[in-house]
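*Asks:* 3D, please:
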Amino acid sequence: MSRIFGTDGIRGIANKELTPELAFELGRSVAYVLASQYEEPVITIGKDTRISGDMLEAALAAGICSSGVDVYLLGVVPTPAIAYLTRHLKAHAGAVISASHNKMEDNGIKFFNKYGYKLSDEIEDEISSFVLERKDELPRPTGKNVGRIILLDKGKDIYSSFLKKFFSDNLNGMKIVVDSANGAASGVMPKLLKDLGAEVISLSDEPNGTNINDDCGSTHMENLRDHVIQYKADIGIAHDGDADRMLAVDELGRLVDGDKIMAICSKYLKDKGKLTDNKLVGTVMSNLGLRKFCQEEGIEFIATNVGDRYVLEELQKSGGIIGGEQSGHVIFKEFNTTGDGPLTALFLLKVLKESGKKMSQLADMMKTYPQVLVNVKVKDKDKGMENKVFIDGVKEAEALLGDRGRILVRPSGTEPLIRIMAEGEDIEEIEELVSKLARKLR
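*Replies:* Below is the predicted model of the structure:
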């Protein structure tokens, strides 16, 4: 059986690869697998600001209703809001229509179970089997047993209230630049920060359906950096299209990535005696500097595969409370069950205010070692990863670096790319190594 799920749901070009027909069948299958066994079953649906979101939302909701399950339509809300609201509203599953940081033409659908956790591979495989092979086994209720669509326009307000309860302090006296990527954070973050007392310079907060992630947000930090310097702000905050990630720039305009954010927050928790078992969960892509920082601070660092679902699985397994990715997906397990950009921003702001330091001083606690990452577009990721010339080249590069660095090669879980990363002390050396490997792969 073909697998239709990637590392973060299903993604593709909207109306070409991710079609309304596929969304409808997904709705039927997910409703049956996750919710149909309950009395008065219901599934939440949220989306980002892409123009194709309406089309896919309608198809997905129709599929769910055709299986006899009700739908709460929550409109444009961040992905972490759906994880929270699924639990808060006592729904039996949640769905998010978003392609995160991808370009506007793409879209995606990802699901949460009733506890707000992303689905296991086994559940995704069961859903896939119904979509691809077992459609005729799904029920077709009629009459009063057909599901209903219920519009709930207060979802983002409930989520904002949840964040405010977590952050009991105020941000009076702080000047913050926030870039919402013309995405789901647009209706949440600028207002939230203002309500907490900050002076806010808001960027990319006017979504029109086609400008999401368009030279803005966490994948394009230049405009944020320029505004932080221009307005002499204390910090800049950037989200991606669905706001499940967050990156920052310090008052000097320097990038503060997910690794540095985790270093800052884990040290804060450890100093407060709140870092359970002194553990931090990162990924194989986490910078060598984060590993060394943890070693110096007496924090156990655990690396997982790339993807916040794997970070969460390790947090649950190990008993840790904080983990995440260099890309800015950070999970605070005590508060939410997935990467939560707004929550991460508030936690970082809390540490910044309590410390009385500048953002640059906090960021400089962790030394960042040079990393070079090249994404090579391929027709077949499996064949690329098995190519002998490429494999031999990787082995040669690893032998050359020795214990001075490392090479990491992995296929993207959501795009037709193979990612080649090198890390070490000498930027020119690792740039040359990655360039050679990319040429071999191409």
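*Asks:* L163 should be in a strand, yeah?
*Replies:* No. L163: not assigned to a strand; according to DSSP: H, G, I helix; E, B strand; the rest coil it is helix.
*Asks:* so it makes contact with F347?
*Replies:* No. With contact defined as C-beta atoms under 8 Å, L163 does not count as touching F347 (10.2 Å). Using the backbone N, CA and C atoms, a C-beta is placed for each residue, glycine as well.
*Asks:* which residues of this protein score low on pLDDT?
*Replies:* Along the chain, segments meeting pLDDT under 70 span 1-2, 414.
*Asks:* circling back: overlap in contacts, L163 and F347.
*Replies:* Residues touching both L163 and F347 (C-beta atoms under 8 Å, 6 or more residues apart in numbering): none.
*Asks:* how about the helices in the stretch 1-150 of the chain?
*Replies:* Under the criterion DSSP state H, counting those that start in this stretch, the stretch 1-150 of the chain carries helices at the ranges 20-30, 53-66, 79-88, 121-132.
*Asks:* now do the stretch 301-442 of the chain
*Replies:* Under DSSP H, counting those that start in this stretch, the stretch 301-442 of the chain gives helices at 308-318, 341-355, 359-363, 381-386, 388-401, 427-441.
*Asks:* dump the ones you listed to CSV, plus distance to M285.
*Replies:* Supplementary listing: these in CSV, determined by distance: least, C-beta to C-beta, whole Å:
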stretch, distance to M285
helix 308-318, 11
helix 341-355, 17
helix 359-363, 19
helix 381-386, 17
helix 388-401, 16
helix 427-441, 14
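*Asks:* make TSV out of those helices and add distance to I13 and mean neighbour count.
*Replies:* Shown next, in TSV, are these (distance: least, C-beta to C-beta, whole Å; neighbours: other C-beta atoms under 10 Å):
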stretch	distance to I13	mean neighbour count
helix 308-318	23	20
helix 341-355	25	23
helix 359-363	37	20
helix 381-386	18	14
helix 388-401	27	15
helix 427-441	24	17
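*Asks:* which of those sits closest to G253?
*Replies:* Closest approach to G253 among the helices of the stretch 301-442 of the chain (C-beta to C-beta): helix 359-363, 9.6 Å.
*Asks:* may I see the domains of the chain written out as residue ranges?
*Replies:* Annotated domains of the chain cover 10-153, 158-363, 371-441 [automatic domain parsing].
*Asks:* tell me which of the ones you listed sits nearest to I4.
*Replies:* Closest among the domains of the chain, using C-beta to C-beta: domain 10-153, at 5.0 Å.
*Asks:* measure the closest one end to end?
*Replies:* Start-to-end span of domain 10-153 (C-alpha to C-alpha, to the nearest Å) is 26 Å.
*Asks:* what of stretch 283-293?
*Replies:* 15 Å.
*Asks:* name the residues of that stretch that are buried.
*Replies:* Using 16 or more other C-beta atoms under 10 Å as the test for burial, stretch 283-293 gives 283, 285-291, 293.
*Asks:* and the domains of the chain as TSV, adding distance to R3?
*Replies:* TSV is the format used below for the domains of the chain (distance: least, C-beta to C-beta, whole Å):
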stretch	distance to R3
domain 10-153	6
domain 158-363	15
domain 371-441	11
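*Asks:* circling back: which of the helices of the stretch 1-150 of the chain sits closest to P190?
*Replies:* So among those, helix 79-88 is nearest, using C-beta to C-beta, at 15.5 Å.
*Asks:* what packs against the closest one?
*Replies:* strand 42-47, strand 70-76, strand 93-97, strand 106-113, helix 155-166, helix 341-355 (3 or more C-beta pairs under 8 Å, 6 or more residues apart in numbering; DSSP states H and E).
*Asks:* run through who's touching it.
*Replies:* By C-beta under 8 Å, 6+ apart, helix 79-88 touches 44-46, 74, 77, 91, 93-96, 98, 100, 110, 112, 114-117, 155-156, 158-159, 162, 184, 188, 242-244, 336-343.
*Asks:* which among those residues end up buried?
*Replies:* Here, 16+ other C-beta under 10 Å leaves 44-46, 74, 77, 91, 93-96, 98, 100, 110, 112, 114, 116-117, 155-156, 158-159, 162, 184, 188, 242-244, 336-343 buried among the contacts of helix 79-88.
*Asks:* returning to that earlier point: which of the helices of the stretch 1-150 of the chain is buried the deepest?
*Replies:* Counting by mean count of other C-beta atoms under 10 Å, helix 79-88 has the highest mean neighbour count of these, with a mean of 26.
*Asks:* between that one and strand 42-47, how many degrees?
*Replies:* Between helix 79-88 and strand 42-47, the angle comes out at 170 degrees (axes from the mean of the first three to the mean of the last three C-alpha atoms, to 10 degrees).
*Asks:* could you shift the numbering so residue one becomes 25, and keep it that way?
*Replies:* Right, with 25 as the first residue, what we last looked at is helix 103-112.
*Asks:* and helix 103-112, C-alpha only, in PDB?
*Replies:* Extracted as PDB, the C-alpha positions of helix 103-112 are listed here (Å, rounded to 0.1, in the frame of the first residue of the first chain):
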ATOM      1  CA  THR A 103      -2.000  25.000  14.300                       C
ATOM      2  CA  PRO A 104      -1.200  24.900  18.000                       C
ATOM      3  CA  ALA A 105      -4.600  26.500  18.600                       C
ATOM      4  CA  ILE A 106      -6.200  23.400  17.100                       C
ATOM      5  CA  ALA A 107      -4.200  21.100  19.300                       C
ATOM      6  CA  TYR A 108      -5.400  23.100  22.300                       C
ATOM      7  CA  LEU A 109      -9.000  23.600  21.200                       C
ATOM      8  CA  THR A 110      -9.500  20.000  20.300                       C
ATOM      9  CA  ARG A 111      -8.900  19.200  24.000                       C
ATOM     10  CA  HIS A 112     -10.700  22.300  25.300                       C
END
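*Asks:* what's the angle from it to strand 117-121?
*Replies:* For helix 103-112 against strand 117-121, the angle by the same axes, to 10 degrees is 160 degrees.
*Asks:* angle of helix 103-112 against strand 94-100?
*Replies:* Between helix 103-112 and strand 94-100, the angle comes out at 150 degrees (the same axes, to 10 degrees).
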